[in-house]
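> Curious how this folds, go ahead:
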Amino acid sequence: MTHTYNINGITCSGCQKKVQELLSVIPEVENVSIDLSKLEAVVEMKEHIPIKKMQSALKDFPKYQLTEKNNLQRKEHFNYSPVSKKIHEDPSHHSGVYYCPMHCEGDKTYDRPGNCPVCGMNLIQDVAAIKKVQYTCPMHPEIIRDAPGSCPICGMDLVLLNPIDEENKTYKALLKKFKIAVGFTLPILLIAMSDMLVNNPLYKIMSQHPWNWVQLVLAVPVVFYAGWMFFQRAWISIKSWHLNMFTLIGIGTGVAFLFSVVALLFPQIFPPQFKTENGTVFVYFEAATVILTLVLLGQLLEAKAHSRTNGAIKELLKLVPSEATLLINGEEKIIAIDEVQKGNLLRIKPGEKIPVDGKITEGESTIDESMITGEPVPVDKKIGDTVTSGTINTNRSFVMEAEKVGAETLLSQIIKMVNDASRSKAPIQKLTDKISGYFVPVVVIISVITFAAWVVFGPEPKYVYAFVNAIAVLIIACPCALGLATPMSVMVGVGKGAQSGILIKNAEALENMNKINTLIIDKTGTITEGKPSVEKIVLENEFNENDVLQKIVSLNTHSEHPLAEAIVNYGKQKNVTLSSVTNFESITGKGVTGIVDAKKIALGNKKLMEEMKSPIPANLDEKIFIEQKKGKTVSYISINNEVAGYITITDKIKKATKKAIEELHNDHVEIIMLTGDNAATAEAVADELHINFKAEYLPADKLNEIKRLQSENKKVAMVGDGINDSPALAQANVGIAMGTGTDVAIESADVTLVKGDLQGIIKAKKLGKRVMKNIHENLIFAFIYNVLGVPIAAGVLYPVFGILLSPMIAAAAMSFSSVSVILNSLRLRNLKL
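Sure, this is the predicted structure:
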């Protein structure tokens, strides 16, 4: 079960981490997540925990107070309400539209651009926070309207107002600072490097001391304008004690700059080892400015790469049309997409994007659904068929009725799911977070040791060597490469999945998908098409077929089960007149009962007949067994506790099922079919697909079977599509829902296959494997970079090879390490699923 509590007294990520650690000690607690923006603690627990027990875990820190929410959310197996509010949350109602790429404060978002208050990194725009569609005049941009029309000033048609892309704005701001930094740094570098020339020509103009003053003047714009944000970020990181690469950059370049200023103003206080042949003290303005400029270049490249990592969400957002054609009494009216309401009739013309989810009421056409399902072949649609927002009408005009609008549409849910998953943390990231927490203090200690070692053992001028190498150690270390290794891969991988019809709810599901070795599948709607049809009705002699058909069709109009739908459709074909039904009851895993025309009717499996105390004639049982051996589903019909006969229902196996199961077998995945159907029908299907099966399983049985398999240390994925599958989907290591299934199943699952066939599992498993491989590549690169880079910067190669690393080269290496991690993550965009 999951409980949500108010938590007071937390003010930063340190508080967040501390509360999580304290609550996680409680044996019944499985997971704790703290939302700083809402001051909420979400606790997953094996069984209910009294709030007093939870508060006692925080007793050593009285400022942290836990209280129950008035709207306490409690989600337990078999107690699923309709789709949770979260999935219907309008993306435009976020508390902010910017977030930290390092997720320092979890899922917290901000309502304006800037820097993360914890680590100082540039906040990234949440591109899924769609704002209301507005229109403007191309000649008079001050005119902004909520609906299309004409400009009140010049009469021109208003055009769609494109929101400012903040990522592009950030990139342009960084580019401006970089140009200024380069403009002032190059002269400083030329002045400093001129010392290497024989008969330095600059000294013919003036001596070294005035040139040092020129370097200071040129360095001021670089330090106090172009690179000032790095010092601000360093100060923020020290204040919040969330130490990162900006801490090291700030300390390193700050020390170099201040040392140079003091050396210029008070040269007499320095010992001879710090002085040149001319009597001036060595200054490091070129080191400070070049380092800041190179770090700025790294930030510039990161900003460019960041805009590509969430490219999948941007592409999905482009699918959302801005307008729709409303039909009112046969008249067409262009309205904004926000104004479409449920029940509206909309005209969709060839080439137009479908604005909302609904069904066709007039006409037929061919729809390109590749952007949602990942399948390139267009689908023919006719009256009564459903159409999805964002898909494209290719060849004919038709009329549709709007059924889901705004945040309820499939496209909006996909965008929200992809956005949430992109910002979630994979379990593997906990390790890197822990390492990053110790990283900066260790690097600072190594820098101090480096300085001391050079002073004691280094050649003259040993203080200069010590100073330069200590700064190089600070500059080359890059904890951000470690921090970005996982979230960048997750963001790109989740986006790639969405483009291929695979919706990942969170990063943990992506990681677990790679470990799956056992797959549990349902039969109806998973292996089969989920579109059953009635083949025949067989009755005992004394019963009339039309009378029995009328009763069972009337009864099943109250059920939402696919088999019930098949019987109702069969009744429509036979023009059955419906009767009123009372005392209707749907018995999960067994069937339905009710009173029709004063007679007690029951329709279901053998377990239901036993419960109704309706004996089954032996000759009827034999006929039914023959049908079941052919893979058909048979439902018994009971009237007033007497078995009247049976109805045979067929459901074709999906075309992609056999190939998908074969591929999964090749990948060493054990496949078990758990079905509520009878053993004979299940065996026929299982034999055809060469898989194991267990029949006549109720939802509780499926749940217990998954628990049993998990107790054997198996990593279990469960595939289902119905409400009755939701407990098992929630229990599995990875719950996989068919996009063609119920909303509750989709909400309970970790992965949703939009197209709804098992081929999607192959894609999802491949995606999980490649994303984890990419994360490991990023982490290995980041670890190796730091493990090798820091000792080289400290000067370990100098005694043997005479090699030292300039702080400027260290800065270049550090900048490109983060960029390299992002570029490696972007390779996932080219993955072929």
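
> Skip the chain neighbours and tell me the closest residue to Gly384.
Of all residues not flanking Gly384 in the chain, Lys359 sits nearest, at 6.1 Å (C-beta to C-beta, 6 or more residues apart in numbering). (Glycine included, C-beta is placed from N, CA and C.)

> Please identify the helix or strand for that neighbour.
Taking DSSP states H and E as the criterion, Lys359 maps to strand 357-362.

> Render the CA-only coordinates of that strand in CSV, please.
Extracted in CSV, the C-alpha atoms of strand 357-362 (Å, rounded to 0.1, in the frame of the first residue of the first chain):
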residue,chain,number,x,y,z
ASP,A,357,-9.8,11.2,-29.2
GLY,A,358,-13.2,10.0,-30.4
LYS,A,359,-15.1,7.8,-32.8
ILE,A,360,-16.2,8.2,-36.5
THR,A,361,-19.9,9.0,-36.9
GLU,A,362,-19.9,9.7,-40.6
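
> Show the subsequent helix or strand relative to that strand.
strand 365-368.

> What strands line up against that following strand, and which way round?
As defined by DSSP bridges, the strand partners of strand 365-368 come to strand 379-381 (antiparallel), strand 392-393 (antiparallel).

> Deepest-packed of those strands, please.
Mean neighbour count, computed with mean count of other C-beta atoms under 10 Å, is highest for strand 392-393 among these, reaching a mean of 21.

> Surely Pro727 and Pro699 touch.
Yes: shown here, Pro727 and Pro699 form a contact pair, counting by C-beta atoms under 8 Å, at 5.7 Å.

> which helix of the chain spans the most residues?
As assigned by DSSP state H, the longest helix anywhere in the chain is helix 759-794.

> Quick check, pLDDT for the residue of the chain most remote from its centre.
Within the chain, the residue lying farthest from the chain centre (C-alpha atoms, centre = their mean) is Lys204, at 63.0 Å. Here the pLDDT value assigned to Lys204 is 80.

> next one: Phe78
For Phe78, the model assigns a pLDDT of 29.

> go on, the one 5 residues further on?
Model confidence at Val83, expressed as pLDDT, equals 30.

> Let the chain start at 37 from now.
Shifting the count to begin at 37 puts that one at Val119.

> circling back to that earlier point, show me what the longest helix of the chain is packed up against.
helix 464-493, helix 498-512, helix 515-535, strand 538-540, helix 543-549, helix 691-702, strand 787-789, helix 843-862 (3 or more C-beta pairs under 8 Å, 6 or more residues apart in numbering; DSSP states H and E).

> These: which one's closest to Ser358?
Each of the helices and strands packed on helix 795-830 was scored for nearness to Ser358 using C-beta to C-beta, and the closest is helix 515-535 (21.2 Å).

> Could you pull out the strands in the stretch 137-286 of the chain for me?
Remark: strands assigned in the stretch 137-286 of the chain by DSSP state E, counting those that start in this stretch are 160-161, 171-172, 180-181, 195-196.

> still on that earlier bit, given the strand holding Lys395, what are its sheet partners and their directions?
Assessed with DSSP bridges, strand 393-398 is paired to strand 422-423 (antiparallel), strand 434-440 (antiparallel).

> Would you mind measuring from Glu813 to Thr522?
Note on Glu813: its distance to Thr522, by C-beta to C-beta, to the nearest Å, is 11 Å.

> quick one: contacts for Lys738?
Neighbour list for Lys738: Ile556, Leu710, Met754, Asp761, Pro763, Ala764 [criterion: C-beta atoms under 8 Å, 6 or more residues apart in numbering].

> Give me the contacts around stretch 830-844.
For stretch 830-844, contacts defined as C-beta under 8 Å, 6+ apart pick out 288, 292, 320, 322-323, 326-327, 330, 482, 485-486, 489-490, 501, 504-505, 507-509, 511-512, 828-829.

> Emit the ChimeraX select command for whichever of those residues are buried.
Entered in ChimeraX, the line below selects the buried ones among the contacts of stretch 830-844, by 16 or more other C-beta atoms under 10 Å:
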select :288,292,320,322,323,326,327,330,482,486,489,490,501,504,505,507,508,509,511,512,828,829
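
> my read is Glu571 is in a helix, agree?
No: using DSSP: H, G, I helix; E, B strand; the rest coil, the assignment for Glu571 is strand, not a helix.

> Please name the nearest non-neighbouring residue to it.
Using C-beta to C-beta, 6+ apart and skipping the chain neighbours, the partner closest in space to Glu571 is Thr684 (4.5 Å).

> Just the CA atoms of the helix or strand hosting the one you found, as CSV, please.
Assessed by DSSP H and E, Thr684 sits inside strand 678-686. Coordinates of each C-alpha in strand 678-686 appear next as CSV, following Å, rounded to 0.1, in the frame of the first residue of the first chain:
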residue,chain,number,x,y,z
GLU,A,678,-30.8,-25.8,-14.2
VAL,A,679,-28.0,-26.0,-16.9
ALA,A,680,-29.8,-25.2,-20.2
GLY,A,681,-26.8,-25.5,-22.5
TYR,A,682,-23.7,-23.6,-23.5
ILE,A,683,-22.4,-20.8,-25.8
THR,A,684,-19.2,-21.2,-27.7
ILE,A,685,-16.9,-18.2,-28.2
THR,A,686,-13.8,-18.0,-30.4
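
> Pull out the buried residues from that strand.
So strand 678-686, judged by 16+ other C-beta under 10 Å, has buried residues Val679, Ala680, Gly681, Tyr682, Ile683, Thr684, Ile685, Thr686.

> these two touch, right, the third one and Ile673?
Yes: taking C-beta under 8 Å as the definition, Gly681 is a contact partner of Ile673 at 5.2 Å.

> Among the contacts of Lys738, which one sits closest to Val250?
Met754 (70.9 Å).

> what pairs with that closest one across the strands?
Following DSSP bridges, Met754 is listed with bridge partners Ile556, Gly771.

> any idea how far Asn548 is from it?
In this structure, Met754 and Asn548 are 12 Å apart, going by C-beta to C-beta.

> which neighbours do the two share?
Val770.

> More neighbours: the two, which one.
The neighbour comparison of Met754 against Asn548 (other C-beta atoms under 10 Å) goes to Met754, with 32 against 22.

> how about that one, what does it touch?
Residues near Met754 by C-beta under 8 Å, 6+ apart: 555-557, 738, 742, 761, 764-765, 767-768, 770-772.

> where's Leu591, which helix or strand?
Here Leu591 is assigned to helix 581-592, by DSSP H and E.

> quick one: that helix to strand 678-686, angle?
Helix 581-592 runs at 80 degrees relative to strand 678-686, counting by axes from the mean of the first three to the mean of the last three C-alpha atoms, to 10 degrees.

> just to revisit the earlier point, tell me how far the longest helix of the chain lies from the chain's centre.
18 Å (C-alpha atoms, centre = their mean, to the nearest Å).

> For that helix, buried residues please.
Buried-residue list, helix 795-830, by 16+ other C-beta under 10 Å: 795-804, 806-808, 810-811, 813-815, 817-818, 821-822, 825-830.

> got it, and stretch 367-386?
Per 16+ other C-beta under 10 Å, stretch 367-386 contains these buried residues: Ile371, Ala372, Ile373, Asp374, Val376, Asn380, Leu381, Leu382, Arg383, Ile384.

> Excluding chain neighbours, what is closest to the last one?
Once its chain neighbours are removed from consideration, Ile384 has its nearest residue in Asn429; the separation is 4.8 Å (C-beta to C-beta, 6+ apart).

> thought that neighbour was touching Leu382?
No: if you go by C-beta under 8 Å, Asn429 and Leu382 don't touch, sitting 11.0 Å apart.

> which residues does the residue lying closest to Ala502 once chain neighbours are set aside contact?
Computed as C-beta to C-beta, 6+ apart, the closest residue to Ala502 that is not its neighbour in sequence is Trp490, at 3.5 Å. The contact partners of Trp490, taken as C-beta under 8 Å, 6+ apart, are Lys498, Tyr501, Ala502, Asn505, Ala506, Gly831.

> For Ser853, give its distance to Glu813.
From Ser853 over to Glu813 the distance is 13 Å, taken as C-beta to C-beta.

> go on, Glu375?
48 Å.

> could the strands paired with strand 401-404 go into a markdown table alongside mean pLDDT?
Output for these, formatted as a markdown table (pLDDT from 0 to 100):
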| stretch | mean pLDDT |
| --- | --- |
| strand 415-417 | 87 |
| strand 428-429 | 89 |
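
> All good on my end, thank you.
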